[in-house]
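Undergrad: got a predicted model here, sequence first, then my questions.
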Amino acid sequence: MFTRDEFEDLRIKSGEKMAKDEQLHQDALGILVRADRYYWIHQTNWLGEPILQLPQDMFALQEIIYKTRPRFIIEVGVAWGGSLLFYSTLMEILGGEKVIGIDIYIPDDLMDRINSKGRISDRIYWINNSSVADTTIEEVKKLVGDSRNNLVVLDSNHTHDHVLQELRLYSQIVGNGYYLVCGDTIIEHMPEKANRERPWGPGNNPKTALDEFLEENDRFVVDKRLNNKLLFTCNTMGYLKCIKDA
Ligand SMILES: C[S@@+](CC[C@H](N)C(=O)[O-])C[C@H]1O[C@@H](n2cnc3c(N)ncnc32)[C@H](O)[C@@H]1O
């Protein structure tokens, strides 16, 4: 029998060992690449609405939200909106003020579906604009005010330049102890144009942007514990913890 502390210690050490198993990571990546031909990551729902994430990554976000209790969650790149409902459901239980969803394309029927879930919908605030437009940034800053107790999830246009711009802009509203998540860093490790034609690929993606951002910015570190244990993740090295206020 283990005590809770002993079990935690075992889990941390096992995660560290697993992180060093390169063959296992290659095998996991191989499965992700093959399953991506069948849009595996598009198959998850929350409250009936699609989330374009691996459940493993949503569990990681749940752990972050539980641990840090953000006042605002800002998701940059919303797609079908199930992720907004997921964050808002957690805030319903744990507290929190608003979930801000930003996307360049939010059709009315999508907004209607996401807005139709009673009080889970009530704290969702939409910004239908580019994530890097001056007006978007101004609106986000106005909404969060002086709060830096915020979680930001970047998951929009995955080109290097765009993500780097987002990292520089949105990191400003994340304070010490809170998280900035850089989504889809896995693209760096996927074969060129793996399964779809996209303007991003190896050498030009969120991971290359993240590397440049971490070179120039000493306020964020990769959460190694999360990274070590996920194995199946689209956000390799993408869970960043803020360690210093701006
Ligand atoms: C990968 S999907 C987001 C998935 C979503 N985060 C989820 O977990 O289900 C990317 C989204 O980013 C949006 N997008 C692309 N360029 C954008 C931009 N410049 N600003 C805001 N959103 C953008 C697309 O319209 C698309 O809905």
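TA: Received it, and whenever you're ready, just let me know what you need. It should be emphasised that the depicted structure is a prediction, and the values quoted were computed from it without experimental measurement. Numbering: from 1, shown residues only.

Undergrad: what helix or strand is the residue nearest to I243 when sequence neighbours are not counted located in?
TA: Nearest non-adjacent residue to I243, counting by Cβ to Cβ, 6 or more residues apart in numbering: V221, 5.6 Å away. For glycine as for every other residue, the C-beta is placed from the backbone atoms N, C-alpha and C. Using DSSP states H and E, V221 maps to strand 220-222.

Undergrad: buried sites along that strand?
TA: The neighbour-count check on strand 220-222 (16 or more other Cβ atoms under 10 Å) flags F220, V222 as buried.

Undergrad: what residues does this protein have near the ligand?
TA: By Cβ under 6 Å from any ligand atom, the residues of the chain that approach the ligand are 51-53, 75, 77-80, 82-83, 102-105, 130-131, 155-157.

Undergrad: ok, 8 Å please
TA: 50-53, 75-83, 102-105, 129-133, 136, 153, 155-158, 162, 183-184 (Cβ under 8 Å from any ligand atom).

Undergrad: just the ones in helices from the residues you listed, please.
TA: Here DSSP state H is the test, and the residues of the chain next to the ligand give G82, S83, T136, H162 as lying in helices.

Undergrad: now for those residues: which two are most distant?
TA: Maximum pairwise distance among these (Cβ to Cβ): 22.9 Å, between G82 and H162.

Undergrad: re earlier: what's the offset of the strand holding V221 from the middle of its chain?
TA: 14 Å (Cα atoms, centre = their mean, to the nearest Å).

Undergrad: do the same with stretch 229-236
TA: The answer for stretch 229-236 is 11 Å, by Cα atoms, centre = their mean.

Undergrad: also stretch 96-103?
TA: On Cα atoms, centre = their mean, the centre of stretch 96-103 falls 13 Å from that of its chain.

Undergrad: equivalent analysis for stretch 120-132, please.
TA: 16 Å.

Undergrad: and the end-to-end length of it?
TA: In stretch 120-132, first residue to last residue: 27 Å (Cα to Cα, to the nearest Å).

Undergrad: could you check that stretch and say which residues are buried?
TA: Here stretch 120-132 shows I120, S121, R123, I124, Y125, W126, I127, N129, S130, S131, V132 as buried, counting by 16+ other Cβ under 10 Å.

Undergrad: and G95, how many residues sit next to it?
TA: 10 (other Cβ atoms under 10 Å).
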